[in-house]
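Visitor: Using only what follows, build the 3D model:
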Amino acid sequence: MHLGEAPEVVDKKPCSFLAMVIADRVFREEGTGKMHIAGTFNRIGAPGFPVRHALLHVYVAFTDVAVGRHQAKLAFRYIDNPDADELCSAAGPIESKDRLAVIELNLAFEGLVFPRPGTIEIAFFLDNEPVRHRDFVVVQLPKAGQGG
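Guide: A predicted model of the protein is given here:
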């Protein structure tokens, strides 16, 4: 930069977030490339704990990502104990070839174990920067024969 020139504007946000959806199934249609989301939900119930959830998908969509390689991460953590270890996470590289392109991720979690009821934060990070989170609730159901 030379004296008298305006400073270069640097955009600090890692992306523009579009969606985070929890579902039974997410798949990409082969012919069109369109994503299909089936069986959305935001809570599960169990009569006892720990409980293992057979399979859940998290669909994430975002845009306005700087061209180049980046690291994406999705993490599950109880919100009442944010300093505890993550329940689970998935991370990996993504590549942006066009800042205006929409990047869609389908992250499948098989056999995810919830040790207790509570509210889970599902957080999305890009290049280690928190982008967005949403809550997911795990509830204790009444046992058979109990009122509720």
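Visitor: Got phi/psi on the nearest residue to R28 once chain neighbours are set aside?
Guide: Spatially, and ignoring its direct neighbours in sequence, R28 is nearest to M35 (5.6 Å; C-beta to C-beta, 6 or more residues apart in numbering). The way it works is simple: take the backbone N, C-alpha and C, and place the C-beta from them, glycine included. M35 adopts backbone torsions of phi -90, psi 140, taken as degrees, to the nearest 10.
Visitor: Can you classify D83 by secondary structure?
Guide: Following DSSP: H, G, I helix; E, B strand; the rest coil, the label given to D83 is coil.
Visitor: got it, and K13?
Guide: When classified by three-state DSSP, K13 comes out as coil.
Visitor: Can you name the residues that contact it?
Guide: For K13, the contact set (C-beta atoms under 8 Å, 6 or more residues apart in numbering) comprises D64.
Visitor: just to revisit the earlier point, thought V102 was touching the residue nearest to R28, still the case?
Guide: No: if you go by C-beta atoms under 8 Å, M35 and V102 don't touch, sitting 9.9 Å apart.
Visitor: if we can go back for a sec, pull the contacting residues for the residue nearest to R28.
Guide: Applying C-beta under 8 Å, 6+ apart, one finds that M35 lies in contact with V26, F27, R28, E29, Y59, E104, N106.
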